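[1] this is a predicted model, with the sequence first.
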Amino acid sequence: MRNDAQGVTIEVEGKADRLASFRDRLPDEKPPHSSIYSLEAVQLELAGYESFTIISSQPSAISHQPSAIILPDIATCPDCLDELVNPADRRYHYPFINCTHCGPRFSIITALPYDRPNTTMAGFQMCDACRAEYDNPADRRFHAQPIACHDCGPQLELWNPTGEVLNIRHDALLAAAEAIRSGEIAAVKGLGGFHLMVDARNDDAVCRLRRLKRREEKPFALMYPSLAAVENDCSVDHVERNLLLSPASPIILLPRHPKPLSHSGTQELWNSGTHALMHSCTRALSPSLAPGNPYLGVMLPYTPLHHLLMMELGFPVVATSGNLSEEPICTDERDALERLAGVADLFLVHNRPIVRHVDDSIVRIMMGREMLLRRARGYAPLPVVLKQPMPPLLAVGGHLKNTIAVASSDKVFVSQHIGDLETAAAYDAFNSTTSDLQRMYAVQPKLLACDRHPDYLSTQFAQESGLPVVFVQHHLAHILACMAENELTGEVLGVAWDGTGYGDDGTVWGGEFLAVNLPTDGGAVEHRRVAHLRTFPLPGGDQAAREPRRSAIGLLYEQFSDDAFKMTDLPPIRAFNSHELPIIAAALEKRLNCPITSSAGRLFDAVASLLDLRQFNRYEGQAAMELEFLAMQSEEEAAYHFNLPAAHYPKDSPTNESLVLDFRPAICDIIDDLKSGVSGPTIARRFHNTLVKMIVEVARLMSIPAVILSGGCFQNRLLLESAVHGLRTAIFRPYWHQRIPPNDGGIALGQVVYASRIAR
């Protein structure tokens, strides 16, 4: 057997029936966590093999374009956890225990094939005991590339903020745990970067972390010591339970219990991973973890280091990315000392280098299955396989929640989450990831694909590359990404709703219905904007995304003109002071810095402002999220009125004009409800119902059976699930995301699909 950059090659000798049986058994008896993307067999002359051997990778084999799959980093397996807590085992309390079933992969590999010399473990020479396991085909650690132990592997150190070593090995972990217990902030170097950790029950510590990290209200992720501890604070169904315990081990958004099952005294918590009982003080969580949010972002320990730390603590901790807001996560301990200076009180570090930053993935359960909201650890860089091979391509994604993608043959490798390209550090991470993925798969792109927005740094990168560039409309990329992961070709109706996307007409799109045809013969993509939400101005432009009151006043002005400023009983008007209103009025009248938008995201903001939920966003999408949470408190089934002209609009109409969904009647209904004292949850639910009715009505007019739901607005569980039910009731086939985020983290995949059809 040989493992090289093209995958695994196995030469087997034997009788014909035995060889046929071997091939038939491979899919069912393959190693855990492996995937078979293709299986090809050829007949060779007898070679006279007498034993099983894994031969070293040959230079000639790795000179071709790599096609092997790099596995994501995998959470610690139950067998390794058993050894981790067994005093009789030689790896007892070793924080880097792993085997072929678990451990680091993507975060430590430097080149294909995945052999130890091509990982950051190359500098650690195996001791005799580890070498014996590595060479033994009957051992669980046979050819486990990161294999190590106390005697030959990476080690922990605890540093103070100046880099002075305070403790080493297990004493370093114990001292870090004591610091967290005492209310201090610990920077912990994990698998793909640093976490900042504090006691999640200590409100002073949580608020201090918020202040120092410059993160006003955005929810913090939590790490719990056990599944039982999670269930003390959150409702967990069987899908969520299995996902928490899965090899991917992502952060999952879980609904909180209205009142935790226990908030005082000592409780025995069963740790299903280590089969051990832990005692934990279960006092109430800090109210500052996720203000106004009925969900908590929860994960379980996924490395042996995290398991040991959480066993020692026995209570939930904040485990947020080790960075300042808008910056990429720290991966190097010296860099962390500089970038996290003044934030972390202590640094728990180790000497296994991290090749690339890999954040924690975030998942929300939609329609009984997982939907990735951030795709990184546990998932990246597994490919999306398309039905037809592609030329070498690079797609550089969008501006927010950036990912990039490379095409190699029939596979699209989408990078780990990079983030918003708002800072120099984030753009450096973008450049590094772009080079890294191309180098890893030896992709020399003939073509670059990017967003059409001229001001995006990713677009400017593409234009400065010197290569031919394909510009892909933002919302079309959303639809094509969803089609790709659902393995769809042919004609679909795409519903792409988000906050911002550069439109073909130069305006800000975001409430789009596109008729898209991805020909089965490999031809170019055909698409047409068939409908969109009514447009309205955004005073202040990008500032409106941070201030829902601006979206609301722009919408009111579009509907009521100057009379909007007389509606002083409405919250958005009251949200501006007497000095601001005349400036806003003049800007709207003269259309100064008031871009026109059809954005569904800004419509959500406007309605949230009308309900006085929020006039200023402290983080992206906050107002829209709170509107969803409010609507979930109601079982209301009624919807508001809206206008949809051309009641018999044919899907093959030769006109280039788009239908306009006029929501102005709904806004009048909402204002009437507000004045009549109708409850906020009822209004919010009626608004959601109205949006679903719009989707179904356009689908009926277009009469295209397959309907795609994509864009950041479909991270809203109530909107997505209601739309799916509504479309199915109307006998349509809805499709939505699962492995690729519906937000701009999926844009790069859609760009590849579009460009691949041009480059043929």
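    Received it, and whenever you're ready, just let me know what you need.
[2] so residue 90 sits against residue 128, correct?
    No - using CB atoms under 8 Å, residue 90 and residue 128 do not qualify as a contacting pair, with a distance of 12.0 Å. C-beta coordinates here come from the backbone N, C-alpha and C atoms, glycine included.
[3] which of these two has more residues huddled nearby?
    residue 90 (12 against 8; other CB atoms under 10 Å).
[4] ramachandran angles for residue 335?
    phi -60, psi -40 (degrees, to the nearest 10).
[5] how far away is it from residue 341?
    Distance, residue 335 to residue 341, by CB to CB, to the nearest Å: 11 Å.
[6] ok, these two, which is more surrounded?
    The residue with more neighbours, out of residue 335 and residue 341, is residue 335; 13 against 10, by other CB under 10 Å.
[7] dig out what residue 407 forms beta bridges with.
    Per DSSP bridges, the residues bridged to residue 407 are residue 393, residue 412.
[8] hmm, residue 752 and it touching each other?
    Yes - counting by CB under 8 Å, residue 752 is a contact partner of residue 407 at 5.1 Å.
[9] now list whatever residues contact both of the two.
    Here residue 407 and residue 752 have 390, 393, 395 as joint contacts, going by CB atoms under 8 Å, 6 or more residues apart in numbering.
[10] who wins on neighbours among the residues you listed?
    Most surrounded of those: other CB under 10 Å gives residue 395, at 33 neighbours.
[11] look up phi and psi at it.
    Torsion angles, degrees, to the nearest 10, at residue 395: phi -120, psi 130.
[12] show me what contacts residue 483?
    Per CB under 8 Å, 6+ apart, neighbours of residue 483: 489, 492, 516, 518, 708, 735, 753.
[13] quick check: the two most widely separated of those?
    Within the contacts of residue 483, 735 and 753 form the most distant pair, 14.5 Å apart (CB to CB).
[14] who has more neighbours out of those two?
    Taking neighbours as other CB under 10 Å, residue 735 and residue 753 compare with residue 753 leading, 27 against 22.
[15] what's the distance between that one and residue 560?
    43 Å.
[16] same deal with residue 715?
    For residue 715, the distance to residue 560 equals 31 Å [CB to CB].
[17] cool, and residue 641?
    The gap separating residue 641 from residue 560 is 17 Å, by CB to CB.
[18] over to residue 92?
    With CB to CB as the criterion, residue 92 and residue 560 are 72 Å apart.
[19] one more: residue 140?
    70 Å.
[20] check residue 520 too.
    In terms of CB to CB, residue 520 sits 49 Å off from residue 560.
[21] one more: residue 287?
    In terms of CB to CB, residue 287 sits 39 Å off from residue 560.
[22] the two: which has the busier surroundings?
    residue 560 (16 against 11).
[23] quick one: that one is in a helix?
    Yes - with DSSP: H, G, I helix; E, B strand; the rest coil as the criterion, residue 560 is part of a helix.
[24] ok, it - contacts?
    Counted by CB under 8 Å, 6+ apart, residue 560 has contacts residue 567.
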